[in-house]
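Q: Next comes the sequence, and after it the predicted model I'd like to discuss.
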Amino acid sequence: MPTYEVNSPDGKTYKVNAPEGSTEQDAISYVQREFYGPKEVSMPANKEGFGEALNREVRDIPRQLGLTARYGIEGVGGTLDMLASPFRAGLNAILPNKPGGGPAIQGNTGEAIANAIGLPSPRTKIENISSEISKMLAGGAGLLGASRIASSLPGITGKVAGLLAQNPAQQLQSAVGAGAAGGYVKETGGNPLSQTLAAVAGGVAAPLGMSAVKAIPQAAKGAVEFLAPGMAAKPQNLDQVDITISNLLKPSGVAIGDLSASVRNQLREDVASAMKSGGQLDYAALRRLADYRMTGATPTRATVTLDPADITRQKNAAKFGINSADPKLQQLGQIENANNRALIGRMNDLGGTPEDSIAAAGKVMGVLDRQNTAAKKNISDLYTAAREAAGRDIPLDRESFVLDAYGRLAKENKGAFLPAEVQRLLESIRAGTIKVGDQAMPTPFTIDTIDNLKTVLSNAAMSKDGNTRSAVRLVRDALDDIKVAPQGRNVGGNQVADPALLEQMQNRATGMSKEALDAFDAARKANRQWMSIVDRVPALQAVREGVEPDKFVNDFIIGSGTKASVMDAAKLKSMVSNSPEAMQAIRGQIISHLKSKALGGASDEVGNISQSNLNRAMQSIGDRKLALFFSKGEVEQIKAIARVASYEQVQPRGSAVNNSNTAGAALATLFDKLANSPLLGKIPLAPQIAGNVSASLTARKALNAPSATVIPKQSMGASPFLLPALAGSGLLAE
């Protein structure tokens, strides 16, 4: 079974045990698919090959053996030098110094022996420090051995040797600590005095440190299970914690990599803590705990389990505590208030800087209006180019246009819904005159009159009646397909002609060159393409027709009507997606709408989130529309906010929360009076005892939320026939 190392986007390195035949890319794909979604994972940089590393280590074996021998000889020699120092000092006192200076008999016997037989010397700082540790260890072991042998001697010599031979393990630990500390100070530039002081400190600290380490092996193991992202850590196995979190998030389509680093680490701590209990995990409770981590709210036992008994005790304790003057007892009530503020704050984070609907609509409408203006200018320029190519105004075929318009209306059965002003306009175009008073005025029908005609049609299309809008659209479609009016005599008959002859005949019929006709067709095509976009995007139509900004947001973004459907919202997004300002304006309006519904229109400072109002508002907008403007992780955060609001306020069937608050107020007043009673104050510790009774109703158990994610083991409970008085006293004690 091959094992591959995979680097994750959050800085962790996994060891993945892959099935036989799997490749490195298979391992990368597995980790990316299960935990990080679209975020890329990779293999660590190439390291030294195993064979190369083995060759290097084999080549270095003789040197390491030689260094080990040197350390041992120097360590034992140092001990012998220490024991012989009185004799050496006496001989040096009577013998002349060496020619170069210095005493006749030197110490460092072990070093001299090692040099004489050609053993290698340490080269690096690490080897020098290891040398000091090994020499101290060898010397200490030699001294212990000699002391054990000498402990059998009679008299004071044996007693002293026996003392020196006691606690050999601690003595060796002390020797290692002294050697390491002294060697490190020496290699980092310390003078002999500093080396000595460091060696003494290291010799004392090492045994104490070893005792402390022995007391916390499990803590040390837990500390290295999950290292912070970015730290230089050795690869860790892909363990059950991340797999559990991935399974929790999978129904929502969110991967671990979609969460922020702080949320990921907090969830890992929660799941690891729950797993240590050894009990069966409650996945529903874990999912609720994950919701709290994603929103930044504080979970409690009751809101994680949703158990009626837990909710009853916790809610009543919160009411009791908040009625008390003791800040410690108010903790649960303050947590409920802080969670309400946290949910509001997280919504503000998602929506960005708040702005009113008119300002937001102006940003979105501005993008649409600029696109419409640019398209109209392009179409106008193309018609101008056609006119210039013809060298004159291009007369349009008014008769064929009017007949085409009426034909389209008849085919769709919309003629009866055509506005009267549009019908009069069609008749005046066909007649070529318009009556002004008693005088008939000629009506030109050229490219210059098209924009005016489109304005009339646009105004008529603002009708709220769908049939009327459809009738006007059919007339406009006929206008988009308008033809150039023939000039002079038309060519008739059914004779066959080659393309060149047909082109010449068409040019003679219209009195225009091919260049001018091509330019006119290009203008018509551009107009037709843009109007097809306008027809598909209701928000763009509204901008062209002059919609009021205060209605735009409700009609085309957060509303539930036909203009704000998911499909229409997607079309709006396609028009403004290149404008970060417009996209953020839409996001902000969606969040502002949700928050306004949740708070009932109240401000952030005084509003309380209503989970029912928030959930209804979210259902009205829908997950699909949210997904258009928010990332997958952000949508899950919005939904988590709604769920946490529900957890905070739910009172399931079977719970007995004292919503009237009378009992909580009475009990709090009673305990406050007991704690401050002058009579009880004369009894030693009486106020403290009363306070402790009150404190028993606070949040210690409630705040241990991770423990609530483990399904409790069933145990034999008390008899169901307990007297009511006993049951009541038990509830009070709880």
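A: Good, I have the coordinates.
Q: Can you identify each of the strands in the protein by residue range?
A: 3-7, 13-17, 236-237, 433-436, 439-442 (DSSP state E).
Q: Pick out the shakiest of these, pLDDT-wise.
A: Lowest mean pLDDT of these: strand 236-237, a mean of 40.
Q: Please identify which of the strands of the chain is closest to residue 248.
A: Evaluated with CB to CB, the strands of the chain place strand 13-17 nearest to residue 248, the distance being 18.6 Å. In short, each C-beta sits where N, CA and C put it, glycine included.
Q: Okay, angle between that closest one and strand 3-7 too, please.
A: 150 degrees (axes from the mean of the first three to the mean of the last three CA atoms, to 10 degrees).
Q: Direction included, what does strand 13-17 pair up with?
A: Neighbouring strands of strand 13-17 in its sheet, by DSSP bridges, are strand 3-7 (antiparallel), strand 236-237 (parallel).
Q: Please identify the deepest-packed of these.
A: strand 3-7 (a mean of 18; mean count of other CB atoms under 10 Å).
Q: and stretch 420-438, C-alpha only, in CSV?
A: The C-alpha trace of stretch 420-438 is given here as CSV (Å, rounded to 0.1, in the frame of the first residue of the first chain):
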residue,chain,number,x,y,z
ALA,A,420,-54.2,53.7,-29.8
GLU,A,421,-51.3,56.1,-30.1
VAL,A,422,-49.1,53.4,-31.6
GLN,A,423,-51.8,52.4,-34.1
ARG,A,424,-52.2,56.1,-35.2
LEU,A,425,-48.4,56.3,-35.7
LEU,A,426,-48.4,53.2,-37.9
GLU,A,427,-51.2,54.6,-40.1
SER,A,428,-49.5,58.0,-40.4
ILE,A,429,-46.3,56.2,-41.5
ARG,A,430,-48.1,54.2,-44.1
ALA,A,431,-49.9,57.3,-45.5
GLY,A,432,-46.7,59.3,-45.4
THR,A,433,-48.5,62.2,-43.9
ILE,A,434,-49.7,63.3,-40.5
LYS,A,435,-52.6,65.7,-40.0
VAL,A,436,-51.8,68.8,-37.9
GLY,A,437,-55.0,70.7,-37.5
ASP,A,438,-56.6,70.9,-40.9
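Q: related to what we said a few turns ago, which one of the strands paired with strand 13-17 lies closest to residue 709?
A: Using CB to CB, the nearest of these to residue 709 is strand 236-237, at 22.7 Å.
Q: before we move on, the earlier item: kindly reformat the strands of the chain as CSV containing distance to residue 26.
A: Output for the strands of the chain, formatted as CSV (distance: least, CB to CB, whole Å):
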stretch, distance to residue 26
strand 3-7, 8
strand 13-17, 9
strand 236-237, 17
strand 433-436, 77
strand 439-442, 80
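Q: of those strands, which approaches residue 465 most closely?
A: strand 433-436 (26.8 Å).
Q: now the stretch 301-450 of the chain, which segments are flagged as low pLDDT?
A: 391-393, 434-437, 447-449 (pLDDT under 70).
Q: if we go to 90?
A: 301, 309-310, 312-333, 351-357, 376, 379-405, 412, 414-450 (pLDDT under 90).
Q: okay if I get the strands paired with strand 13-17 as TSV plus distance to residue 598?
A: TSV is the format used below for the strands paired with strand 13-17 (distance: least, CB to CB, whole Å):
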stretch	distance to residue 598
strand 3-7	41
strand 236-237	41
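Q: what separates residue 370 from residue 574, distance-wise?
A: 15 Å (CB to CB, to the nearest Å).
Q: I meant residue 561, not that one.
A: In terms of CB to CB, residue 561 sits 20 Å off from residue 574.
Q: do the same with residue 373
A: For residue 373 relative to residue 574 (CB to CB), the value is 18 Å.
Q: and these two? which has more neighbours close in?
A: Under the criterion of other CB atoms under 10 Å, the comparison of residue 373 against residue 574 puts residue 574 first, with 13 against 10.
Q: for the residue nearest to that one when sequence neighbours are not counted, what are its contacts?
A: Spatial nearest neighbour of residue 574, excluding adjacent residues (CB to CB, 6 or more residues apart in numbering): residue 537 at 8.0 Å. By CB atoms under 8 Å, 6 or more residues apart in numbering, the contact list for residue 537 reads 568, 571, 572, 574, 575.
Q: if I read this right, the first one contacts residue 535, doesn't it?
A: No - taking contact to mean CB atoms under 8 Å, the distance of 12.0 Å between residue 568 and residue 535 leaves them out of contact.
Q: which of those two has more neighbours?
A: Taking residue 568 and residue 535 together and counting by other CB under 10 Å, residue 568 has the greater number of neighbours (21 against 13).
Q: For residue 576, see how far away the more buried one is.
A: Taking CB to CB, one finds residue 568 at 13 Å from residue 576.
Q: Please apply the same query to residue 460.
A: If you go by CB to CB, the gap between residue 460 and residue 576 works out to 27 Å.
Q: Can you name the residues that contact the nearest residue to residue 273 once chain neighbours are set aside?
A: In this structure, residue 273 finds its nearest non-sequential neighbour in residue 706, 4.4 Å apart by CB to CB, 6+ apart. When the contact criterion is CB under 8 Å, 6+ apart, the partners of residue 706 are 269, 270, 273, 274, 289.
Q: What of residue 647?
A: Counting by CB under 8 Å, 6+ apart, residue 647 has contacts 288, 291, 292, 303, 304, 306.
Q: Now with 10 Å, please.
A: 288, 291-292, 297, 299-300, 302-306, 311, 339, 611 (CB atoms under 10 Å, 6 or more residues apart in numbering).
Q: Return the member of those nearest to residue 475.
A: residue 611 (51.5 Å).
Q: now the closest residue to the closest one other than its chain neighbours: how far from residue 325?
A: Sequence neighbours aside, residue 645 is the residue nearest to residue 611 in space, at 3.8 Å (criterion: CB to CB, 6+ apart). According to CB to CB, residue 645 and residue 325 sit 30 Å apart.
Q: Could you check which of those two has the larger neighbour count?
A: Taking neighbours as other CB under 10 Å, residue 645 and residue 325 compare with residue 645 leading, 25 against 12.
Q: That one is in contact with residue 612, isn't it?
A: Yes - counting by CB atoms under 10 Å, residue 645 touches residue 612, with 8.9 Å between them.
Q: Please enumerate the shared neighbours of the two.
A: With CB under 10 Å, 6+ apart as the test, residue 645 and residue 612 both reach residue 598.
Q: so which of the strands of the chain gets nearest residue 335?
A: Of all the strands of the chain, strand 236-237 comes closest under CB to CB, at 34.3 Å.
Q: if I pick residue 423, what's in contact with it?
A: Applying CB under 10 Å, 6+ apart, the residues contacting residue 423 are 405, 406, 409, 415, 471, 475.
Q: all helices for the stretch 251-400 of the chain, in order.
A: 261-276, 283-295, 301-305, 308-322, 331-351, 357-390, 398-412 (DSSP state H, counting those that start in this stretch).
Q: Out of those helices, flag the one nearest residue 597.
A: Closest among these, once you apply CB to CB, is helix 331-351, at 11.2 Å.
Q: Extract the CA atoms of that closest one and return them as PDB.
A: Provided in PDB are the C-alpha atoms of helix 331-351 (Å, rounded to 0.1, in the frame of the first residue of the first chain):
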ATOM      1  CA  GLN A 331     -23.200  34.900  32.900                       C
ATOM      2  CA  LEU A 332     -25.700  32.700  31.100                       C
ATOM      3  CA  GLY A 333     -28.000  35.700  30.400                       C
ATOM      4  CA  GLN A 334     -25.100  37.800  29.200                       C
ATOM      5  CA  ILE A 335     -24.100  35.000  26.900                       C
ATOM      6  CA  GLU A 336     -27.600  35.000  25.300                       C
ATOM      7  CA  ASN A 337     -27.300  38.700  24.800                       C
ATOM      8  CA  ALA A 338     -23.700  38.500  23.400                       C
ATOM      9  CA  ASN A 339     -24.800  35.800  20.900                       C
ATOM     10  CA  ASN A 340     -27.600  38.000  19.600                       C
ATOM     11  CA  ARG A 341     -25.000  40.700  19.000                       C
ATOM     12  CA  ALA A 342     -22.600  38.200  17.400                       C
ATOM     13  CA  LEU A 343     -25.200  37.100  14.900                       C
ATOM     14  CA  ILE A 344     -26.000  40.700  14.000                       C
ATOM     15  CA  GLY A 345     -22.300  41.400  13.600                       C
ATOM     16  CA  ARG A 346     -21.700  38.400  11.400                       C
ATOM     17  CA  MET A 347     -24.500  39.500   9.100                       C
ATOM     18  CA  ASN A 348     -22.900  43.000   8.900                       C
ATOM     19  CA  ASP A 349     -19.600  41.400   8.000                       C
ATOM     20  CA  LEU A 350     -21.200  39.500   5.100                       C
ATOM     21  CA  GLY A 351     -23.100  42.600   3.900                       C
END
